[in-house]
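*Asks:* Return atomic coordinates for the entry below.
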Amino acid sequence: MAYVLRHKPSKFGLNLDEERFTDIDKLVQSINNQNKNMVIRKENILYLVTNSQKARLEIKGTGIRALYGHTVRIRKKTPVEPPSVLYHGTSR
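*Replies:* Coordinates of the predicted model:
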């Protein structure tokens, strides 16, 4: 799932929104269409995301997204103005 959401959503017929979410039901359908040897259910995905020690995926409402490691570029639809004071921190 992380591969699909991070790198190849279009190969699986999925579209990511501005926050890189896609619909969980569409993800399930897409995975099942690609792999006829195994059936994935929404409950399987919810269990994996909820019980994973590594927080790679996030569920919000009916959407799911990978939290990091994307190679897919997403275009923001609305420009954003930075605040008047902006801080950046880097650890060594």
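
*Asks:* roughly how far is stretch 22-31 from the heart of the chain?
*Replies:* Using Cα atoms, centre = their mean, to the nearest Å, the mean C-alpha position of stretch 22-31 is found 11 Å from that of the whole chain.

*Asks:* Residues in contact with that stretch: which ones?
*Replies:* 1, 4-5, 9, 12-16, 40-42, 45-46, 59, 62-65 (Cβ atoms under 8 Å, 6 or more residues apart in numbering). The C-beta positions use only the backbone N, C-alpha and C, and glycine is treated the same way.

*Asks:* I45 - how many residues pack around it?
*Replies:* Neighbour count of I45, defined by other Cβ atoms under 10 Å: 19.

*Asks:* who are the neighbours in contact with it?
*Replies:* Going by Cβ under 8 Å, 6+ apart, the list of residues near I45 reads 1, 24, 27-28, 64.

*Asks:* Over to the residue nearest in space to the middle of the chain: give its phi and psi.
*Replies:* Centroid-nearest residue in the chain: R65, 1.9 Å away (criterion: Cα atoms, centre = their mean). Backbone torsions of R65, given as degrees, to the nearest 10, read phi -150, psi 160.

*Asks:* Enumerate every residue touching it.
*Replies:* Here R65 is in contact with 5, 16, 19-22, 57-58 (criterion: Cβ under 8 Å, 6+ apart).

*Asks:* Repeat that for P9.
*Replies:* Contacts of P9 by Cβ under 8 Å, 6+ apart are 15-16, 22, 72.

*Asks:* number of nearby residues for the closest residue to L5 other than its chain neighbours?
*Replies:* For L5, ignoring the flanking residues on the chain, the nearest one in space by Cβ to Cβ, 6 or more residues apart in numbering is A66 at 4.0 Å. A66 has 22 neighbours, counted by other Cβ under 10 Å.

*Asks:* thought A66 was touching R20?
*Replies:* Yes: using Cβ atoms under 8 Å, A66 is in contact with R20, at 6.9 Å.
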